[in-house]
Each structure stands twice: as structure tokens, then as C-alpha cells.
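J.: sequence and predicted model, in that order:
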Amino acid sequence: MLNEEICKLRDKLNKSIEQGNDYEVTYQLSVQLDELIAKYYEELKNNKKKLAWMTM
């Protein structure tokens, strides 16, 4: 799910850059994308911890 959101937002950001949209719009999209990516990696880390705990 997060993966799909990341892909969609990345595409939106790329289009914003290509179209030369206002800097603030492009910047906000970039910040949102960074936050989603951080959330994605946090979930991966938590899932690995859960898996490690379950295999003990």
C-alpha cells in the first residue's frame, strides 16, 4: 500500500518538475514523498523485528 502511494507521489513530483510548477508546490511534494519513504522504511524495520522475535 505505501509502495503504491510512493509511486504515485513520485510521478506527481516528477510531473511538477517537468512542467516547471511553482517551487513551493514542488517542494511540498518532495517533503511528502520523503515522509512516505521514511514511513515505509520504518514499517520494514518493525516487520523485521517482529519476524525475528517470532522465530525465537
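T.: It's in.

J.: in the lengthiest helix in the chain, what counts as buried?
T.: When the chain is scanned for its longest helix (criterion: DSSP state H), the result is helix 23-54. Judged by neighbour count (16 or more other CB atoms under 10 Å), helix 23-54 contains these buried residues: T26, L29, L33, L36. For the C-beta atoms, the positions are set from N, CA and C on the backbone; glycine is no exception.

J.: got a markdown table for these, with distance to K12 and pLDDT too?
T.: What follows is the buried residues of helix 23-54, written out as a markdown table (distance: CB to CB, whole Å; pLDDT from 0 to 100):
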| residue | distance to K12 | pLDDT |
| --- | --- | --- |
| T26 | 10 | 98 |
| L29 | 6 | 98 |
| L33 | 9 | 98 |
| L36 | 12 | 98 |
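
J.: tell me the one among those residues nearest to L13.
T.: L29 (4.3 Å; CB to CB).

J.: from the contact counts, what lies against the longest helix of the chain?
T.: With contacts defined as 3 or more CB pairs under 8 Å, 6 or more residues apart in numbering; DSSP states H and E, the packing partners of helix 23-54 are helix 2-18.

J.: give me the low-pLDDT residue ranges for the chain?
T.: Per-residue confidence of the chain (counting by pLDDT under 70) places the weak regions at 56.
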